[in-house]
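Chemist: Next input, structure requested:
(one chain, ligands or ions: 1)
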Amino acid sequence: MTDVTDPRAAGRTAPLVRVRALAKSFGDNHVLRGIDLDVAPGSVTVIIGPSGSGKTTLLRCLNALDVPDAGTVEVAGVALDFAGRRTQPELRRLRAQSGMVFQSHQLFPHRTALENLIEGPVHAQRRPVAEATAAARALLEKVGLAAKADAYPHELSGGQQQRVGIARALALRPQLILFDEPTSALDPETVGEVLAVMRDLAAEGWTMIVVTHEIRFAQQVADHVVFIDGGVVVEEGAPADVLGRPAHQRTRQFLRRIL
Ligand code: ADP
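Modeler: All right, here's what the predicted structure looks like:
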């Protein structure tokens, strides 16, 4: 039997994430105009596109931080059709499927690294403190910060804070990790350590969707690259195609600007 709680579960060919006709407006601003997206389990999808094209909004809709106006989102078997109004419990179920890593880590400033990791599992998921603590220590070890368990966020470098942010997302045992420009607020010298943690997670088989301008990371780690512009998917495919020989003029223009 496939263990659906194991992100490395092999042999599943159905997409882990299925998005259809997703639409989201803020007032008159039609930010997402019908997004379709499939994400295979255990794959890394990198989303690229100009500023303001809807990348962050798409990630936020995937875990119901923003509520779409229309379309469907399915993550690991939890499906929501946003054509009608959704209830809070429905939104919470979808939200629980994914962990979000933000541009700036958004850690609780008055809690230690370890306490930041334990908060969600104990309070939101009602897991026993001892179990959550042991799991949190293992996660800090995984991101190379076992020695910083008792440090407060202000005592950590930007890169270390972001690694705690990643560990905190993992602590909720999501099916999917969403990264929203996880390195864009970092000093250049700490970008590498965060990307290294993300590479490790990819190698472990986590399903990841990453919004980033780090094209080298996309070339080396992504299984699938999606170029979004104006709230639609303009082009998607293997990194060698989308980044190496883009079919669309808009993709070529964008890549010329950022490379
Ligand atoms: P990207 O991540 O590609 O830069 P965003 O998804 O952040 O793009 O933003 C797309 C558009 O949606 C922008 O015009 C932005 O101003 C608008 N937008 C995003 N969030 C909100 C919000 N909460 N309220 C109003 N407008 C928003």
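
Chemist: List the buried residues of stretch 139-155.
Modeler: By neighbour count with 16 or more other CB atoms under 10 Å, stretch 139-155 contains the buried residues 139, 140, 142, 143, 145, 148, 149, 151, 152, 153. In short, each C-beta sits where N, CA and C put it, glycine included.

Chemist: How far off centre is that stretch?
Modeler: Its chain's C-alpha centre lies 21 Å from the corresponding centre of stretch 139-155 when counted by CA atoms, centre = their mean, to the nearest Å.

Chemist: before we move on, what about stretch 152-167?
Modeler: 17 Å.

Chemist: Show residues contacting the longest helix seen in the chain.
Modeler: Secondary structure of the chain read by DSSP state H shows that its longest helix is helix 188-204. For helix 188-204, the surrounding residues in contact (CB atoms under 8 Å, 6 or more residues apart in numbering) are 7-8, 44, 142-144, 157-160, 162-163, 166, 170, 177, 179, 182-183, 186, 208, 210, 214, 217, 220-221.

Chemist: Output the contacting helices and strands for the host helix or strand of residue 60.
Modeler: Using DSSP states H and E, residue 60 maps to helix 55-62. Judged by 3 or more CB pairs under 8 Å, 6 or more residues apart in numbering; DSSP states H and E, helix 55-62 is in contact with strand 17-26, strand 29-39, strand 44-48, strand 70-75, strand 176-180, strand 207-211.

Chemist: Can I get these in CSV including mean neighbour count and distance to the ligand?
Modeler: Below are those laid out as CSV (neighbours: other CB atoms under 10 Å; distance: least, CB to the nearest ligand atom, whole Å):
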stretch, mean neighbour count, distance to the ligand
strand 17-26, 18, 3
strand 29-39, 18, 4
strand 44-48, 26, 9
strand 70-75, 20, 15
strand 176-180, 25, 7
strand 207-211, 25, 6
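
Chemist: re the thing from before, among the contacts of helix 188-204, which lie within strands?
Modeler: Secondary structure assignment (DSSP state E) places 44, 177, 179, 208, 210 from those within strands.

Chemist: residues contacting the third one?
Modeler: For residue 179, the contacting residues are 101, 198, 208, 209, 210, 211, 212, taking CB under 8 Å, 6+ apart as the criterion.

Chemist: Distance to residue 93 and pLDDT added to the residues you listed, as a markdown table?
Modeler: Shown next, in a markdown table, are the contacts of residue 179 (distance: CB to CB, whole Å; pLDDT from 0 to 100):
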| residue | distance to residue 93 | pLDDT |
| --- | --- | --- |
| 101 | 21 | 96 |
| 198 | 26 | 97 |
| 208 | 21 | 98 |
| 209 | 19 | 98 |
| 210 | 24 | 98 |
| 211 | 24 | 98 |
| 212 | 28 | 96 |
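
Chemist: partners of the spatially most central residue of the chain in the sheet?
Modeler: Taking CA atoms, centre = their mean, the centroid of the chain lies closest to residue 178, which sits 0.7 Å from it. Beta-bridge pairing for residue 178 (DSSP bridges): residue 100, residue 209.
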